[in-house]
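>>> Next input, structure requested:
(one chain, ligands or ions: 1)
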Amino acid sequence: MDRIVIAGGKPLRGKVQISGSKNATLPLMAAALLANSPSVIRNVPELRDVQYMADCLRSLGADVEYGDHMLRIDPRGFSISEAPYDIVRKMRASIYVMGPMLARLRRARVSLPGGCAIGSRPIDLHLKGFEELGARINLEHGDVIAEVERLRGKEFNLSGAAGSSVGATCNVAMAATLAEGTTVIHGPAREPEVVELLGFLSRMGARIEIIRGRSLRITGVEGLDGADHTVLSDRIEAGTFMTAAAITRGDIMIEYACVDHMEAVIGKLREIGVCLDEMHEGIRVRGDVEEYHPTTIQTWTYPGFPTDLQAQFMALLSVVPGQSLIREGIYVDRFLHAAELIRMGADIRVLSGSATIQGVDHLGGAPVMASDLRASAALVVAGLAAEGTTLINRVYHIDRGYEFMERKLQQLGADVARITDNEPDEAAVASA
Ligand code: UD1
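Numbers count the residues shown, from 1 in each chain. This is a model prediction of the structure:
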């Protein structure tokens, strides 16, 4: 099991390039199954989660080539309508194959994903959407089984108690592209990764309209063709590097960041006192100009502040003088990283869905444990600024979602190294 060791205290300086978005790539891969011919996806990050999804598609009969930041997915052998537990337990996003299975094979048997480190993550909205399209849903021995003679378009609302669902919107929209008639989905997620998927589906021949930015109208077609698509850059990776520059009081240029998708994040950094300048080459982030001030963050669905940057901002705020508050609107229990940051000297109190952070003068390096993908990133961010050495265990979480993280940090001058042990990875529990 690999570990990352950081000797903290060096301000980051230099340039970093943001990779393609993991959360955009995964639904695109599933969508390729809907076509009658191969698709090519470019600017694909080299990540464990992409490998898992590739394995998942192969297990369903598709042919997948993955290398040089490119995927070629030939869905012509796609004929298996079962995704086994062994694959789903490794990555929750494998649930994305359910929509294409129903649309193309009229049957889907997928293991129900279990809980994960960021809390309970039901799939009731995915199933509700499939039912609205006419599927019969049953649960058998931990698997969800959905069956339908022909999916039929319908008008329905897909939002839940925590707002819209990225996963359910992607899954149900994919199914609706091949349904008979017109589907109108009210309350869809509007995250850039969802819009990316809708663009890919349209390029494949799907008929999709976004109505007043609030609903989707999808008119079913008889078949879809493969398409060629370049993935947008990862806004969560960009936000993570922004917090890393800010906490180390560094000065970095972030290239290929989709700043248009990061308004809430950039707004909060400016409120804290971080200088961000949009320039021709990218966005320059300077943490060495102004005093920092505390802030209040409420995570919510896009265009709100993303839950996937909550942990990294908690690390930053732990050294911002004064009292900050974070309210988690998406995953109320997503605070496992707080306990690890406290081990590094942070002053954080977590109470029912929110955390109060009293800024301390400095953090101290310590051995810590990564609990999920974004929590691991937060520990790296904290370690970069901490006095002394931080040893982060369970690094496999980072490898799921950050391409070449320590290499990119080294290029920015950080004292970061990976220790590779020969012990096998612990069973990776599914996370964001
Ligand atoms: C995606 C992202 C994840 C991010 C999350 C929220 C991927 C691969 N993962 O996850 O990184 O943290 O969006 O931005 O893109 N919910 C239900 N029932 C459902 C589905 C969701 O109640 O059927 C709830 C969830 O528990 C959560 C909220 O809706 O409170 C949002 O979840 P959702 O947007 O579906 O997240 P994911 O697609 O799983």
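
>>> For the rest of this, base every contact and every neighbour count on C-alpha atoms.
OK.

>>> From the centre of the protein, point out the most distant residue.
Glu149 (33.2 Å; CA atoms, centre = their mean).

>>> my guess is it meets Leu105, correct?
No. Contact between Glu149 and Leu105 fails when scored by CA atoms under 8 Å: they sit 9.6 Å apart.

>>> before we move on, what SS does the residue farthest from the centre of the chain have?
coil (DSSP: H, G, I helix; E, B strand; the rest coil).

>>> quick one, what contacts Val40?
Taking CA atoms under 8 Å, 6 or more residues apart in numbering as the contact definition, Val40 lies against 70-73, 226-229.

>>> Try it again at 7 Å.
71-73, 227-229 (CA atoms under 7 Å, 6 or more residues apart in numbering).

>>> now these in TSV, with secondary structure?
As requested, these are exported to TSV (three-state DSSP):
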residue	secondary structure
Leu71	strand
Arg72	strand
Ile73	strand
Ala227	coil
Asp228	strand
His229	strand
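
>>> which one of the residues you listed has the most neighbours?
Ile73 (27 neighbours; other CA atoms under 10 Å).

>>> Residues contacting the helix or strand where Ile326 lies, please?
Per DSSP states H and E, Ile326 falls inside strand 323-327. Residues from elsewhere that reach strand 323-327, judged by CA under 7 Å, 6+ apart: 294-299, 317, 353-359.

>>> Which parts of the stretch 101-250 of the chain are strands?
Per DSSP state E, counting those that start in this stretch, the stretch 101-250 of the chain carries strands over the ranges 107-111, 136-140, 143-147, 155-157, 182-186, 207-211, 215-219, 228-230.

>>> Give me whichever of those strands is most buried.
Mean neighbour counts were taken over those using mean count of other CA atoms under 10 Å, and the top value, a mean of 24, falls to strand 107-111.

>>> That one to strand 136-140, inter-axis angle?
On the basis of axes from the mean of the first three to the mean of the last three CA atoms, to 10 degrees, strand 107-111 is oriented at 30 degrees to strand 136-140.

>>> Would you list the strands that strand 107-111 pairs with, along with their directions?
strand 82-83 (parallel), strand 143-147 (antiparallel) (DSSP bridges).

>>> Doesn't Glu271 lie inside a helix?
Yes. Residue state for Glu271 (three-state DSSP) corresponds to a helix.

>>> sorry, back to before: could you dump the contacts of strand 323-327 to CSV with neighbour count and secondary structure?
CSV is the format used below for the contacts of strand 323-327 (neighbours: other CA atoms under 10 Å; DSSP: H, G, I helix; E, B strand; the rest coil):
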residue, neighbour count, secondary structure
Pro294, 21, coil
Thr295, 17, coil
Thr296, 15, strand
Ile297, 23, strand
Gln298, 16, strand
Thr299, 21, strand
Leu317, 31, helix
Gly353, 15, coil
Ser354, 19, strand
Ala355, 19, strand
Thr356, 19, strand
Ile357, 27, strand
Gln358, 20, strand
Gly359, 22, coil
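
>>> Between those residues, which sits nearest the ligand?
Set against the ligand, the nearest of the contacts of strand 323-327 by CA to the nearest ligand atom is Thr299 (9.1 Å).

>>> contacting residues for the closest one?
305-307, 327-330.

>>> For the residue minimising distance to the centre of the chain, which non-adjacent residue is spatially closest?
Centroid-nearest residue in the chain, with CA atoms, centre = their mean: Asn23, separated by 4.3 Å. Spatial nearest neighbour of Asn23, excluding adjacent residues (CA to CA, 6 or more residues apart in numbering): Glu193 at 6.4 Å.

>>> what about the one you found, how many neighbours?
Quick note: Glu193 (other CA under 10 Å) scores 26 neighbours.

>>> do the one 5 residues further on as well
Neighbour count for Leu198, taken as other CA under 10 Å: 25.

>>> From Leu105, how far out is the closest residue to it other than its chain neighbours?
Sequence neighbours aside, Ile208 is the residue nearest to Leu198 in space, at 7.2 Å (criterion: CA to CA, 6+ apart). Here the criterion is CA to CA, to the nearest Å. By it, Ile208 lies 22 Å from Leu105.

>>> so Asp228 makes contact with Asn43?
No. Counting by CA atoms under 7 Å, Asp228 stays clear of Asn43, with 11.3 Å between them.

>>> what residue ranges in the protein score low on pLDDT?
114-120, 422-432 (pLDDT under 70).

>>> Up against the ligand, what does it have?
23, 93, 121-126, 160, 162, 165-168, 307-308, 330-331, 432 (CA under 6 Å from any ligand atom).

>>> What is the burial count for the residue of the stretch 201-350 of the chain found nearest the ligand?
The minimum distance from the stretch 201-350 of the chain to the ligand, using CA to the nearest ligand atom, falls at Ile330 (4.3 Å). Per other CA under 10 Å, the neighbour tally for Ile330 reads 20.

>>> how about it, secondary structure?
Going by three-state DSSP: Ile330 is coil.

>>> Touching, it and Ala162? I think so.
Yes. With contact defined as CA under 7 Å, Ile330 and Ala162 form a contacting pair (5.8 Å).

>>> All the helices of the chain, in order from the start?
Using DSSP state H, the helices found in the chain span residues 22-31, 48-59, 85-88, 98-105, 124-132, 166-176, 192-203, 235-247, 263-272, 310-317, 336-343, 373-385, 396-401, 405-411.

>>> Would you format those helices as TSV with distance to Val184 included?
Listed next are these as TSV, based on distance: least, CA to CA, whole Å:
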stretch	distance to Val184
helix 22-31	19
helix 48-59	28
helix 85-88	29
helix 98-105	16
helix 124-132	11
helix 166-176	9
helix 192-203	14
helix 235-247	28
helix 263-272	28
helix 310-317	32
helix 336-343	38
helix 373-385	33
helix 396-401	32
helix 405-411	40
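
>>> isn't Pro113 right up against Lys90?
No. Using CA under 7 Å, Pro113 makes no contact with Lys90, being 9.1 Å away.

>>> out of these two, which sits in the busier spot?
Pro113 (23 against 19).

>>> which residues touch the more buried one?
Pro113 sits next to 88-89, 92 when contact means CA under 7 Å, 6+ apart.

>>> Out of those residues, which is nearest to the ligand?
Distances from the ligand to the contacts of Pro113, taken by CA to the nearest ligand atom, are shortest for Arg92, at 7.2 Å.

>>> Would you mind measuring from that closest one to Leu26?
Arg92 is 11 Å from Leu26, by CA to CA.

>>> Touching both of Glu149 and Leu105, which residues are there?
Common neighbours of Glu149 and Leu105 are not found (criterion: CA under 7 Å, 6+ apart).

>>> Just give me the neighbour total for the nearest residue to Val381 once chain neighbours are set aside.
Distances taken as CA to CA, 6+ apart put Ala244 closest to Val381, at 5.1 Å, once the chain neighbours are dropped. For Ala244, the count of nearby residues is 30 (other CA under 10 Å).
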